[in-house]
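>>> give the three-dimensional model of this entry:
(one chain, ligands or ions: 1)
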Amino acid sequence: MSLVQIPESIRNQVADILAGENAATAAQALSVSYRSQSGHAVSLDSAAKRAYLAARMPATYAAAWRALDRMAQAEMPDFESLLDVGCGPGTGSLAAASLWPRLAQVTRSDLDSAWRPTAEALGVASDHAALAQARWLTGAMDTLAFPPHDAVIAVYALNEVPAARRGDAVRNLWRAATRALILVEPGTPQGFLNIQAARNDLLSLGGHVVAPCAHHGTCPMSEQDWCHSAVRLPRDALHRSAKGAQLAFEDEKFAYLAVTRRSAARRPQARIVKRPVAHRGHATLDLCTETGLVRRTVSRRDGELYKASRKAEWGDGWPPD
Ligand SMILES: C[S@@+](CC[C@H](N)C(=O)[O-])C[C@H]1O[C@@H](n2cnc3c(N)ncnc32)[C@H](O)[C@@H]1O
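Got it, this is the predicted structure:
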C-alpha cells in the first residue's frame, strides 16, 4: 500500500510548536477530550490542540489527500479557490494545495477561532502563497453565509455537527461550492451514514457524484457493511511518541464523497470496496457497480487485467484506465 505523508515543512513546524513538551502527556489530554465529548463538536484546549497536530493530523491529512487524489481520477483538479470548513489546523487545505496546481485563493473556517493561529502558522510554513495568505471565517458550518468558492472541503468535521443540523450544514456547503464539494469522514459506520445521507441530499439537489461511487443509483452499502477505504501513513518519531506506538506506520480508515455541479469527465465503471484478496493464479475483487455489489474473480487467463489486479488497492476504480 502506498504511503501518504504530510510535507516535511509542516512536520517541522509541528515539531516546533510541540518543542519541549511531552507528546505522550499532551496526547492523553486529547483522548480525554474526545472520550468525554463524543458525539458532537469537540472543544479542545490548547494542550489538546497541540497534541492533535502530532497524534491525529497526520492521519486526517492522509485521508484527505487520498480522497482528493481519488477524485482527481474522475475530475481535473483545476480549482482556483478553496473553502476549508471545520478546518482545525487547516489539514484539508494543506492536502488540497499539494494536489491542485492552480489553487490561488483559500478561505479557512471553523467554529473554534482558537485554531486560527495554528492554521496560519502551518499555512506560512507550507510555503504555498494561497495558504500563507488564506482568509479566516469563524462560525458554524450550517449557518455561516460563506462566499462562493470553486471547491468546498470538510474533513472529519461533519461528524462533529449535531445530527439534527448535518443536513443544513451539507446544503449550506453545497450553496458555497460553485464546482465541487468534498466531504471526508472517519471510516466508521456513523461516518459512512453521514456520507450516505449527504449523497442522497446532494443528488436530489442536482449534484453529480464523481467519487467514490461509480453510479448515481441507490447506495447498496449498509451500516453493517459500510463503504470506506484505508490509507497508510508513516509515523515519524513525534507521532510514535504521542501515541506510545512502536510501529512505523498506521492505517487510517475513512469515508468520503466528492460531488460536482457538472458530470464527471471520466468515472470508473466500478469501485473496489474491500481489500483485494490475492490467491495463486487469481484474485478476488469486491466491487460496487451500477447493478450493485459484485465479487469478481480475475485469473491469469485475463492477462493484463490479472496483472492490474495484483497491484489494485482497496478504494481504487476498476478496471484501471
Ligand atoms: C476533528 S477536527 C478536524 C479538523 C481538520 N479538518 C482535520 O481534518 O484535521 C473537527 C473540526 O470541526 C470543527 N467543528 C465542529 N463543529 C463545527 C461546526 N458546527 N461548524 C464548523 N466547524 C465545526 C471543530 O472545531 C474542529 O476544528
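
>>> switch to C-alpha atoms for all contacts and neighbour counts from now on
OK.

>>> is it correct that Arg66 falls within a helix?
Yes: using DSSP: H, G, I helix; E, B strand; the rest coil, the assignment for Arg66 is a helix.

>>> can you pull the contacts of it?
Counting by CA atoms under 8 Å, 6 or more residues apart in numbering, Arg66 makes contact with 4, 231.

>>> and if we set it to 7 Å?
For Arg66, the contacting residues are Val231, by CA atoms under 7 Å, 6 or more residues apart in numbering.

>>> ok, it to the ligand distance?
Relative to the ligand, Arg66 is positioned 13 Å away (CA to the nearest ligand atom, to the nearest Å).

>>> got a pLDDT number for that residue?
Here, the pLDDT recorded for Arg66 equals 97.

>>> please identify the helix or strand for Arg271.
According to DSSP states H and E, Arg271 maps onto strand 270-272.

>>> can you pull out the helices in the stretch 101-250 of the chain?
Ranges of helices in the stretch 101-250 of the chain, per DSSP state H, counting those that start in this stretch, are 116-125, 129-132, 163-176, 189-204, 237-243.

>>> and Pro101, which of these is closest to it?
Checking those against Pro101 by CA to CA gives helix 129-132 as the closest, at 11.0 Å.

>>> just how off-centre is the closest one within its chain?
Put simply, helix 129-132 sits 20 Å off its chain's centre (CA atoms, centre = their mean, to the nearest Å).

>>> kindly report the same for stretch 299-312.
Offset of stretch 299-312 from its chain centre (CA atoms, centre = their mean): 29 Å.

>>> near the ligand, which residues of the stretch 1-150 of the chain are found?
Applying CA under 6 Å from any ligand atom, we find that the stretch 1-150 of the chain lies next to the ligand at 41, 57, 60, 86-88, 91-92, 110-112, 139-141.

>>> keep only those of those residues that are in strands.
Using DSSP state E, the subset of these located in strands is Asp110.

>>> may I ask which of the residues of the stretch 1-150 of the chain next to the ligand has the most neighbours?
Using other CA atoms under 10 Å as the neighbour test, these are led by Gly92, with 32 neighbours.

>>> residues in contact with it?
Going by CA under 7 Å, 6+ apart, Gly92 touches 61, 64, 84, 153, 155.
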